[in-house]
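Trainee: Compute the structure for the input listed below.
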Amino acid sequence: MGGTALHMTGLLFTVTAVVLLIFVNLGVTFNSTILPKIYLVQANFETMYIRFGPYNACLYNGAQQTCTKPSPGQSFDLTSFNIPNVDSTAVHALQTAYKFIVLVIPCTVMAFAALVGWMTIRRHRSSNGLPIFGAIASFIGMACGIACTALVVVCYQIPFNLIQTKTSAFTYQWGPALYMLGVGGGGCLLVSFVLYLISCIRHRPKDDYTYFQKEDDYIDMTYQDHHMQDNSHRPYY
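Mentor: As a prediction, the model looks like this:
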């Protein structure tokens, strides 16, 4: 993979990661026409359902909607929604562990840092400094994204399965935000991390990293020459 292809591929995957993670952070938190549909998991009980996001949860019962106040690192509390048979030591322990969902914030920040790395590496690379920075940011973001995804699955699946054994009226389903978190925070940043490593491994002390600058300058000069030639054939009035 050439330098340009490596750069563009890394840029594409990090842009995708940032966009997906922004939607994960905004899902359920704001009551718009689209964002409430971007949830991590939805629990259904009788005539109502609850959508859980990374910072809050919303209860829907017919036309009525009640949401908890958004707060980083909050623990979900099923008892507040009057779902029976949730008083369990294991469930309460998982509710406490769920506070670590706050890792979605550093995951998003590191994804943006990796994106900045790919945006600046084209014209400002002189050594392996930028690729190493990008690799570290991608790795930290990937670790946080994978941890958040696993945390959501474990902290919801275990208590929800426990509830299902005690009442047949309870069901649950995973939401689009969970897949966005896994793809953006895990998959895309993993690709970015690998591409940064490739960029580091291919480095040689004698490498000339001004080829991007020269390429861009050549395109600018070619455009200016064509523009001047076109103007030279125009009649003067």
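
Trainee: Just list what the helix or strand where T4 lies packs against, helices and strands only.
Mentor: Secondary structure from DSSP states H and E places T4 in helix 3-26. If you count contacts as 3 or more CB pairs under 8 Å, 6 or more residues apart in numbering; DSSP states H and E, helix 3-26 packs onto helix 104-124, helix 129-164, helix 176-180, helix 189-201, helix 211-232. (C-beta placed from N, C-alpha, C; glycine too.)

Trainee: which residues touch the first one?
Mentor: Read it as helix 104-124. Applying CB atoms under 8 Å, 6 or more residues apart in numbering, the contact partners of helix 104-124 are 7, 10-11, 14-15, 17-18, 21-22, 24-25, 54, 72, 130-131, 133-134, 137-138, 140-141, 144-145, 148, 181, 184-185, 188-189, 192, 196, 199, 212-213, 216.

Trainee: got CSV for the helices and strands packed on helix 3-26, with mean pLDDT too?
Mentor: Shown next, in CSV, are the helices and strands packed on helix 3-26 (pLDDT from 0 to 100):
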stretch, mean pLDDT
helix 104-124, 89
helix 129-164, 90
helix 176-180, 95
helix 189-201, 92
helix 211-232, 52
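
Trainee: Pipe the ones you listed into a markdown table and attach mean neighbour count per row.
Mentor: What follows is the helices and strands packed on helix 3-26, written out as a markdown table (neighbours: other CB atoms under 10 Å):
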| stretch | mean neighbour count |
| --- | --- |
| helix 104-124 | 21 |
| helix 129-164 | 20 |
| helix 176-180 | 20 |
| helix 189-201 | 21 |
| helix 211-232 | 10 |
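
Trainee: looking at those helices, which is closest to Y98?
Mentor: helix 129-164 (4.3 Å; CB to CB).

Trainee: Determine the set of other helices and strands touching that closest one.
Mentor: Secondary-structure packing of helix 129-164 (3+ CB pairs under 8 Å, 6+ apart): helix 3-26, strand 41-45, helix 89-97, helix 104-124, strand 170-174, helix 176-180, helix 189-201.

Trainee: out of these, which comes closest to P159?
Mentor: It's helix 89-97; of the helices and strands packed on helix 129-164, that one is closest to P159 (CB to CB) at 4.2 Å.

Trainee: quick revisit: chain center to the helix holding T4: distance?
Mentor: Computed by CA atoms, centre = their mean, to the nearest Å, the chain-centroid distance of helix 3-26 equals 9 Å.

Trainee: Any chance you could list what contacts that helix?
Mentor: Outside helix 3-26, the residues that touch it by CB under 8 Å, 6+ apart are 1, 35, 38, 54-55, 104-105, 107-108, 111-112, 114-115, 117-119, 121-122, 134, 138, 141, 145, 177, 180-181, 183-185, 188-189, 191-192, 195-196, 198-199, 211-212, 215.

Trainee: any idea of the angle that helix forms with helix 189-201?
Mentor: Interaxial angle, helix 3-26 versus helix 189-201 (axes from the mean of the first three to the mean of the last three CA atoms, to 10 degrees): 150 degrees.
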